[in-house]
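[1] Need the 3D shape of this:
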Amino acid sequence: MTNTSTELEVEGAAGGEAGHAPAPSSPPASGRRLVRAFARDRAAVACSVYILLIILMAVAAPLLVKISGYGPLEFDQGAVDPNLGGIPLGPAGGMGADHWFGVEPGNGRDIFARIVYGARVSMTIAVSATLLTSILGVVFGLTAGYFGGRIDMVISRVMEFLMAFPALIFMIAVLSALPAENRQFLLVGVISFFGWPYLARIVRGQTMSLKEREFVEAAKASGASSAQIIFKEILPNLASTIIVMTTLAVPGYVGTEAGLSFLGVGVVPPTPSWGQMIASSVPWYAVDPAYFLIPGAFLFLLVLSFTVLGDRIRKLAESGEGRA
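    Residues are numbered from 1 along each chain as shown. I've put the predicted structure just below:
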């Protein structure tokens with residue numbers, strides 16, 4: 001779970017990585033050199049391939065479910081043994097030609113179908129929250145850092161106020177009080193509300209440094225407006241930092257959604273969710289470990305892949321590989 005929700009990982013993704021953020025004044029990267037440097041990094045390539053597979057799986061979920069033959073909400077009572085409390089028939093949790101990843105104990109729902117639809121839920125929430133957090137963080141960070149004064153004071157106090165909250169506890173409290181309808185939209189909103197200050201803090205600090213640079217002074221002397229300076233001079237120099245921070249934030253939001261669903265305040269059943277599946281598997285892990293291991297492995301590898309990928313991108317930006 002993360003610090004957008006827990007002050008641990010998303011702060012690592014945003015605040016905690018501040019000391020490693022690429023220098024804002026570094027020259028723009030050469031596309032070809034960057035691709036070559038990235039392609040030489042086997043870990044980054046392997047993580048990218050896995051992330052791409054999960055994205056394709058999420059996008060093609062309806063097609064994959066048609067091929068497998070079972071939907072995420074369909075019950076197959078013939079795949080479980082009612083005399084043994086609903087334990088799946090067959091080895092490894094009922095894996096076979098009919099159910100590729102086996103079935104859920106007790107009800108016989110197809111685990112493969114719920115995994116692919118769970119990937120769609122997790123990626124939709126994580127990517128949406130990342131986009132909204134990035135927009136809010138960049139806008140408020142640039143505004144505070146460039147204009148300073150009272151504007152900076154107000155925005156900084158709001159950031160400090162939100163960062164002082166034990167975010168996970170307040171997320172649980174807020175989501176518990178909200179209706180179950182449109183829960184995915186509510187999750188995106190709540191996660192983003194607590195998450196944007198971490199990116200905004202980094203953007204603000206680098207903007208304050210950049211606005212004192214010679215090229216900004218030259219733009220002011222040439223009569224450029226504040227908007228032109230922000231979007232044409234400062235923002236392009238923050239691109240690498242923003243990319244790194246957002247890449248590192250995605251695994252935090254994936255973990256946050258899974259953790260909230262595990263605790264029962266995230267995605268509402270019967271909508272599939274990896275965190276929800278892990279929570280449901282706890283009573284069964286002794287007799288059907290596959291039910292716990294499969295969604296756990298998918299979640300672990302996705303979070304690990306995004307984390308490693310973000311770290312590799314940061315190192316490439318810092319080392320100067322791929323720069324013109």
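[2] Identify the residue nearest Ile51 in space, chain neighbours excluded?
    Among residues not flanking Ile51 along the chain, Ser305 sits closest, at 5.2 Å (Cβ to Cβ, 6 or more residues apart in numbering). For the C-beta atoms, the positions are set from N, CA and C on the backbone; glycine is no exception.
[3] Rounded mean pLDDT for the helix or strand harbouring that neighbour, please.
    If you go by DSSP states H and E, Ser305 is part of helix 289-319. The average of the pLDDT scores along helix 289-319 is 87.
[4] So which other helices or strands are in contact with it?
    Helix 289-319 sits against helix 31-39, helix 42-59, helix 111-147, helix 239-262, helix 274-281, with contacts defined as 3 or more Cβ pairs under 8 Å, 6 or more residues apart in numbering; DSSP states H and E.
[5] again, 10 Å this time
    The elements that helix 289-319 packs onto, with contact taken as 3 or more Cβ pairs under 10 Å, 6 or more residues apart in numbering; DSSP states H and E, are helix 9-13, helix 31-39, helix 42-59, helix 111-147, helix 239-262, helix 274-281.
[6] Now do the fifth one and helix 111-147, the angle between them.
    For the pair helix 239-262 and helix 111-147, the angle between their directions (axes from the mean of the first three to the mean of the last three Cα atoms, to 10 degrees) equals 130 degrees.
[7] So for helix 239-262, what gets flagged as buried?
    Buried positions in helix 239-262, judged by neighbour count with 16 or more other Cβ atoms under 10 Å: 240-262.
[8] Please compute how far that helix lies from its chain's middle.
    3 Å (Cα atoms, centre = their mean, to the nearest Å).
[9] name the helices or strands packed onto it?
    helix 3-6, helix 9-13, helix 42-59, helix 111-147, helix 167-177, helix 183-210, helix 274-281, helix 289-319.
[10] The same query, at a cut-off of 8 Å, please.
    So helix 239-262, by 3+ Cβ pairs under 8 Å, 6+ apart, packs with helix 3-6, helix 9-13, helix 111-147, helix 167-177, helix 183-210, helix 274-281, helix 289-319.
[11] quick check: angle from it to helix 183-210?
    150 degrees.
[12] mind listing what the residue positioned nearest the centre of the chain touches?
    In the chain, the C-alpha nearest the mean C-alpha coordinate belongs to Val250, at 2.2 Å (Cα atoms, centre = their mean). The neighbours of Val250, taking Cβ atoms under 8 Å, 6 or more residues apart in numbering as the test, are 126-127, 130, 306, 310.
[13] what stretches of this protein score poorly on pLDDT?
    1-34, 319-324 (pLDDT under 70).
[14] among the helices and strands packed on helix 289-319, which is nearest Val203?
    Minimum separation from Val203 across the helices and strands packed on helix 289-319 (Cβ to Cβ) falls at helix 111-147, 2.8 Å.
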